[in-house]
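> need coordinates for the following:
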Amino acid sequence: MQIEQIYTGCLAQGAYYITSNGEAAIIDPLRETQPYLDRSQRDNVKLKYIFETHFHADFVSGHVDLAKATCAKIIYGPNASCGFDCVSATDGQIFKLGNVKIKVLHTPGHTMESTCFLLIDASGIEHSLFSGDTLFIGDVGRPDLAQKAASMTQEELAAVLYHSLRNKIMTLPDDVIVYPAHGAGSACGKNMSKETTSTIGIQKQLNYALRANMTEAEFVNEVTDGLLPPPAYFGANVAMNKTGYQSFDTVLNNGMKALSVAAFEAVVEETGAVILDTRNNTDFCKGFVPQSINIGIQGDFAPWVGSMIGDVNQAIILVTEIGVEEESVTRLTRVGFDNIIGHLKGGFDAWRNAGKDVDIVGRISVQDFAKKLKFGIPESKVIDVRKQSEYLAEHVEEAYSKPLSEINDWIKDIKPNEHFFLHCAGGYRSMIAASILQARGYRNFTEIEGGFSAIAKTEVPKTDFVCQSKLSTIN
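Numbers count the residues shown, from 1 in each chain. Sure, this is the predicted structure:
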C-alpha cells in the first residue's frame, strides 16, 4: 500500500493517490487529469475509484474527465445527486482496493453530502482518514457554503458538523493519520495550520473545534464567528462539480490559440474579453496593454482570479511570459474559468514592438515614500489592501484598511481628485488593485514598491492601534 499526497500550493489543496496490489484510487483530484494518468501508468496500476469528499466550491475537480479516460467509478457520500454517472454511497459502505479497504464515513455539516473516507490496511487496522473539508489541521470546514442548497442556516449546519465530528471522527483511534483536503491559505476554513497532515490524537489536543468538553452551543458560536463572505466564484464551481463541464483538453486548446497583435485587438473589441496579464508585478508596472488586469501567476493566482473576476463565464484573453501560456490556462480551469479565447503571441513585447499604446503604474520606492510622508499627518491617504487581520497586527499610522477582496465595495468611495498611496504586504495584491483602479479610470494614486514588508524596515510611523473610521469608508 502506498499513499501520496499531491499538494497544490496555489489552491492550498491536497489530492491523494492510493495504490494497493495493482489497483489505485484518487481522492479529490484537480481538473487536469494527465498527471494522474501518468502516475497510474508509471506504477502499472488500474485506476478503480475516484473518491470525492463533497461538491467542492473552491476548485473544479477532475472527476468527470478522469472517469471518461479510465472507466473508474466516481464515489460520493450520501445525499449526492450528480449530472453524470456516480455512486452515492451509503454510510459505512466498504470499497475494496487491492489489499485494503476504504470505508465511507458520512460527516455532514460543511455540506450535507460531506464524507470522510477511512482507509483500513491489509491487517484490518484503521490507518488513515481522508477528511475532506470536514476536518482540517487546526480547524474544521466552514458551515456557510451550503446554506441555500441545504435550506439550513449556517448555525444549523454547524450543529450538524458538531455531531459529525464527535460521533464519527473523534471516536477513531488517536494514531489514525489525518489527510485533509486543504491547508493554510484556503478560503474553506479560517484557522488552518501550515501542516498538511496530522493524527486524530494530535487534533484532539490542538484543534480548537475538537475540545473534549466543548458544548454544541460553544462550537456553533466559535465556528461561525468571523467568517468572511465566500469568494464570488464558489457557487459556479459547486455547480460544475455537480453537473459536469467541458473537457479540460478543449479548454486548453482554446486558451493556447496564439493571436497576433491585430487579432488580439479584434477579439477584445468583439468579445469584451478581460485582458488578464499574468506577469509579475515588477514587470507589469513598467508597461502593459491598457485596461489589463494584473494577477501574477507566481502567487495565489487562481483564487484571486476567482475573487476579482468572479463570473466564470467572463471571456478572458491572456498576456503572459513566453512559455507560461499553458500554465496560465491550466490554473484558470482549476477554478472554472473555461471561456479563455487565446493569448497574445509574443507576449507584451510583441505589443510594444508593434508601436501600440502602453500604460504604466506609478510606483514609488519605500525610501522615497518615507521621505514624502509628513509624519503625523500624511500629505496623502495611505490605503492598505492586506487582509484586515494583517492590518490589525501592524500598519502604517493613519492608514486605511481596504482589503483587496472588497475592492468593488470601497472603490466607489475614492475621490478622483485626491491622491493616495497604495500598498499590500509585498506588491502582489497592491498591483492587482492598481490595475483594477486604472482599468476603471482612477489614476490618482501611487503604489508602494515592496509593500509593508519594506515599509516595516523604515522610520515610517507604524502602529497596531485601530481607529474605527479607518476600517469603514474613506473620508
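> do a quick rundown of the helices in the stretch 301-450 of the chain.
Applying DSSP state H, counting those that start in this stretch to the stretch 301-450 of the chain gives helices spanning 301-309, 325-333, 347-353, 366-372, 388-393, 407-410, 428-439.
> go on, the stretch 101-250 of the chain?
So, for the stretch 101-250 of the chain - with DSSP H, counting those that start in this stretch - the helices run 147-150, 154-164, 200-206, 216-224, 234-243, 248-255.
> can I get those helices in CSV including mean pLDDT, mean neighbour count and distance to Lys412?
For glycine as for every other residue, the C-beta is placed from the backbone atoms N, C-alpha and C. What follows is the helices of the stretch 101-250 of the chain, written out as CSV (pLDDT from 0 to 100; neighbours: other CB atoms under 10 Å; distance: least, CB to CB, whole Å):
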stretch, mean pLDDT, mean neighbour count, distance to Lys412
helix 147-150, 64, 14, 27
helix 154-164, 96, 20, 28
helix 200-206, 97, 18, 43
helix 216-224, 96, 17, 29
helix 234-243, 95, 19, 24
helix 248-255, 96, 17, 33
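> which one, of those helices, ends up nearest to Gly98?
For the helices of the stretch 101-250 of the chain, proximity to Gly98 was assessed by CB to CB; helix 200-206 is nearest, at 24.2 Å.
> ok, residues contacting that closest one?
The contact list for helix 200-206 (CB atoms under 8 Å, 6 or more residues apart in numbering) reads 129, 135, 137-138, 169-170, 172-176, 178, 210, 212.
> redo that, cut-off 10 Å
Contact partners of helix 200-206, identified using CB atoms under 10 Å, 6 or more residues apart in numbering, comprise 126, 128-129, 131, 135-140, 165, 169-178, 180, 193, 195, 198-199, 207, 209-212.
> now intersect those residues with the strands, please.
With strands taken from DSSP state E, the overlap with the contacts of helix 200-206 comprises 126, 128-129, 131, 177-178, 180, 198-199.
> buried only: go through these for me.
The neighbour count (16 or more other CB atoms under 10 Å) marks 126, 128-129, 131, 178, 180, 198-199 as buried among the ones in strands among the contacts of helix 200-206.
> redo those residues as TSV? Include distance to Asp225 and pLDDT.
Output for these, formatted as TSV (distance: CB to CB, whole Å; pLDDT from 0 to 100):
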residue	distance to Asp225	pLDDT
Glu126	33	98
Ser128	31	98
Leu129	26	98
Ser131	22	98
Val178	23	98
Pro180	21	97
Ser198	23	97
Thr199	27	98
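> determine which two of those residues are furthest apart.
For these, and using CB to CB, no pair is farther apart than Glu126 and Pro180, which are 16.9 Å apart.
> looking at the helices of the stretch 301-450 of the chain, which is closest to Ala236?
Among the helices of the stretch 301-450 of the chain, helix 301-309 sits nearest to Ala236 (CB to CB), with 8.8 Å.
> which helices and strands does that closest one pack with?
Under the contact criterion of 3 or more CB pairs under 10 Å, 6 or more residues apart in numbering; DSSP states H and E, the helices and strands touching helix 301-309 comprise helix 234-243, strand 274-277, strand 293-294, helix 325-333, helix 407-410, helix 428-439.
> could you work out the end-to-end span of stretch 115-128 for me?
14 Å (CA to CA, to the nearest Å).
> can you point out the buried residues in it?
By neighbour count with 16+ other CB under 10 Å, stretch 115-128 contains the buried residues 115-120, 126-128.
> quick check: which of the helices and strands packed on helix 301-309 is nearest to Glu447?
Between Glu447 and these, the shortest gap by CB to CB is with helix 428-439, which sits at 4.8 Å.
> between helix 301-309 and the closest one, find me the angle.
30 degrees (axes from the mean of the first three to the mean of the last three CA atoms, to 10 degrees).
> unless I'm mixing things up, Ala239 is touching Phe55, no?
Yes - between Ala239 and Phe55 there is a contact at 8.6 Å, judged by CB atoms under 10 Å.
> before we move on, back to that, pick out the most distant pair among the ones in strands among the contacts of helix 200-206.
When CB to CB is used, the two most widely separated members of the ones in strands among the contacts of helix 200-206 are Glu126 and Pro180, lying 16.9 Å apart.
> low-confidence regions, the stretch 301-450 of the chain specifically.
374-379 (pLDDT under 70).
> adding distance to His419, write the helices and strands packed on helix 301-309 out as CSV.
As requested, those are exported to CSV (distance: least, CB to CB, whole Å):
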stretch, distance to His419
helix 234-243, 36
strand 274-277, 25
strand 293-294, 21
helix 325-333, 33
helix 407-410, 17
helix 428-439, 12
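> which one of the ones you listed lies nearest to Ala315?
That would be, of the helices and strands packed on helix 301-309 and by CB to CB, strand 274-277, which comes in at 7.0 Å.
> residues contacting the helix or strand just after that closest one, please?
Using DSSP states H and E, the helix or strand that follows strand 274-277 in sequence is helix 281-286. Here helix 281-286 makes contact (CB under 10 Å, 6+ apart) with 277-279, 292-296, 298-299, 319, 321, 347-348, 358-363, 424, 426-432, 434-435, 447, 449, 451.
> do that again at 7 Å, thanks
Helix 281-286 has contacts (CB atoms under 7 Å, 6 or more residues apart in numbering) with 277, 294, 296, 360-361, 363, 427-428, 431, 447.
> and stretch 399-411, by the same measure?
Outside stretch 399-411, the residues within contact range by CB under 7 Å, 6+ apart are 307, 381-388, 391, 424, 429, 432-433, 436-437, 440, 470-471, 474.
> which of those residues count as buried?
For those, a burial check counting by 16+ other CB under 10 Å picks out 307, 381-388, 391, 424, 429, 432-433, 436-437, 470, 474.
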